[in-house]
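[1] Dropping a prediction and its sequence here:
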Amino acid sequence: MDPNPVQSLILTQQPVNRMQFSAPPVRAGVTVVYSRADGTVEKLDHRLTFTEALSGVYRNVYEVDSTRHDTRITINGRDLPTRDDRFYFVADVTVNWQATSPDVVVREGVRDGVSVVSRRVLALLRGISRRYLITDCERVEREINDLHLGGPVVISEYGITIHGVTAFVTLDEAARQYLQQQEQIERQKDLTRRGHVLSVDSLRNEQELERQRMEAVAEGVQGELQLIALHLRHHPDDALQVMQMMHNRQLELEQQRQARYSSSDEIFTKMLDAGLVQAADVEEIRRQVLQNALHMVGGAPEPPPNVLAAQPAAPPAGASPAPAQATRPRKPAGGASTTPTLPPATPAPDPDGVGGWRPRKSAQSGTGTN
């Protein structure tokens, strides 16, 4: 606390002049106080008369400053602690005060009125500041400036009255740095929170776009290729491994197909050697083999069996054409013919692999057409 320089309230002190016939006039703002021989102090409403001075009752006369004073006090350091005593306020205070009891001033020998006022003001302000946190600087200032609303503060033991206090309260350097750091932390938290919200929104949008892309891929790709496409969508670095896997799988399927055909060929050869395959069965086997071969090389599939059966195979070059079917006219209704009708002739493959035309044997007649 840094108050103004010492300001003495007792302006003059001198013995009473007993031979003075007329007392000097009293100055404005100055109160005259007399002390008796027994040490008591008395404030008279007038100057001593010649008789009172000659009587010897009063020994000394004092002139006391009774004007109002505006004293500026700077309160810093640890004088204004906060509620938790962690930080401190800084106040620039102006105090309006006055010596309202000059006789008490003389009796107590008060010469430095500023010191008396400063101590009382500091006590008042500490009682206020300890009720607030460091963030309540404005409330502290407002309450200090409203002290005069409760009336003057009388320091009766020293004869001084405080009429008003005007304060400008701020924070000390440590408290200011603390609040600045708190503000920076709050700003950083706000930015982090906003950044998190932005990241979540971006991630949500990216997931939605990814979902739409995957739906588009799923619509265009089906089966095993869909699984491969989905995998490559999330793991594009595995493209080489996936291609190698597909190649190995294709080789494996080709080997299985080749093994199956080799097994079928071996079985067919054994059946031929054992005479288990008839000549009429070769055409159906040929059709199936041809269809599988065309399917392997990507050609058109073999016509269905009913189409092949409806179209007889052409005879090879040099073979005689098939004779016309022998038919007989039917008799009118009422009489049944006793002559059996020959079945239609159909071509049959030659057992040795050479095509030729042979009539199918009749189940009802033992003779055929030559």
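    Great, that's in hand.
[2] ok, longest helix in the protein?
    Criterion DSSP state H: the longest helix present in the chain is helix 173-220.
[3] so where's the stretch 1-150 of the chain uncertain?
    Scanning the stretch 1-150 of the chain for pLDDT under 70 picks out the ranges 1-7, 19-26, 46, 49-51.
[4] cutoff 80 now
    Scanning the stretch 1-150 of the chain for pLDDT under 80 picks out 1-7, 17-27, 44-57.
[5] And residue 245, how close does it get to residue 232?
    Relative to residue 232, residue 245 is positioned 11 Å away (CB to CB, to the nearest Å). C-beta: built from backbone N, CA, C; applies to glycine.
[6] can you pull the buried residues of the strand or helix carrying residue 60?
    Residue 60 is located in strand 58-65, with elements delineated by DSSP states H and E. Buried residues in strand 58-65, counted by 16 or more other CB atoms under 10 Å: 58, 61, 62, 63, 64, 65.
[7] likewise stretch 89-101?
    89, 90, 91, 93, 95, 96, 97, 98, 99, 100, 101.
[8] Identify the residue spatially nearest to residue 166, adjacent ones excluded.
    Distances taken as CB to CB, 6 or more residues apart in numbering place residue 94 nearest to residue 166, at 4.6 Å, with adjacent residues excluded.
[9] which residues touch that neighbour?
    The contact partners of residue 94, taken as CB atoms under 8 Å, 6 or more residues apart in numbering, are 70, 71, 72, 73, 165, 166, 167.
[10] so of these, which ones are in strands?
    70, 71, 72, 73, 165, 166, 167 (DSSP state E).
[11] The residue nearest to residue 166 in helix, strand or coil?
    strand (DSSP: H, G, I helix; E, B strand; the rest coil).
[12] Quickly list what it is bridged to.
    Under DSSP bridges, the beta-bridge partners of residue 94 are residue 72, residue 166.
[13] Wait, residue 130 touches residue 81, no?
    Yes. Using CB atoms under 8 Å, residue 130 is in contact with residue 81, at 6.2 Å.
[14] gap between residue 176 and residue 165?
    24 Å.
[15] More neighbours: those two, which one.
    Shown here are residue 176 and residue 165; by other CB atoms under 10 Å, residue 165 has more neighbours (22 against 14).
[16] show me what contacts the more buried one?
    Applying CB under 8 Å, 6+ apart to residue 165 gives the contacts 93, 94, 95, 96, 121, 124, 144, 145, 147, 148.
[17] Now do the strands in the protein.
    For the chain, applying DSSP E gives strands covering 10-15, 30-36, 41-43, 58-65, 68-75, 89-99, 153-155, 160-171.
[18] Give me the buried positions along the second one.
    Within strand 30-36, the residues that qualify as buried by neighbour count (16+ other CB under 10 Å) are 31, 32, 33, 34, 35.
[19] Tell me the one of those residues nearest residue 199?
    Among the buried residues of strand 30-36, residue 31 lies closest to residue 199 (CB to CB), at 78.4 Å.
[20] isn't that closest one right next to residue 66, touching?
    Yes. Residue 31 lies in contact with residue 66 (CB under 8 Å); the separation is 4.6 Å.
[21] and the gap between residue 10 and residue 110?
    According to CB to CB, residue 10 stands 8 Å off from residue 110.
[22] Please identify which of the two sits among more neighbours.
    Under the neighbour definition other CB under 10 Å, residue 10 and residue 110 were set side by side, and residue 110 has more, 23 against 18.
[23] Now the more buried one. Nearest residue, chain neighbours left out?
    Nearest to residue 110 is residue 158, by CB to CB, 6+ apart, at 5.2 Å.
[24] quick one: pLDDT of that neighbour?
    Listed pLDDT for residue 158 reads 94.
[25] Please dump the buried residues of strand 30-36 into TSV; it should also carry distance to residue 206 for every row.
    Below are the buried residues of strand 30-36 laid out as TSV (distance: CB to CB, whole Å):
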residue	distance to residue 206
31	88
32	94
33	91
34	97
35	96
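[26] ok, so of the residues you listed, who is nearest residue 114?
    residue 31 (18.6 Å).
[27] ok, the contacts of residue 165 vs residue 188, which is closest?
    residue 144 (34.7 Å).
[28] The closest one and residue 82, how far apart?
    Distance from residue 144 to residue 82, by CB to CB: 14 Å.
[29] What of residue 98?
    Note on residue 98: its distance to residue 82, by CB to CB, is 32 Å.
[30] mind listing the helices for this structure?
    Going by DSSP H, the chain shows helices at 50-55, 102-108, 113-129, 137-145, 173-220, 224-234, 239-274, 282-297, 305-310.
[31] Among those, show me which one is buried the most.
    helix 102-108 (a mean of 21; mean count of other CB atoms under 10 Å).
[32] how about the strands of the chain, which one is nearest residue 291?
    When those are compared by CB to CB, strand 160-171 sits nearest residue 291, at 96.7 Å.
[33] quick one: the closest one to helix 173-220, angle?
    With axes from the mean of the first three to the mean of the last three CA atoms, to 10 degrees defining the directions, strand 160-171 sits at 30 degrees from helix 173-220.
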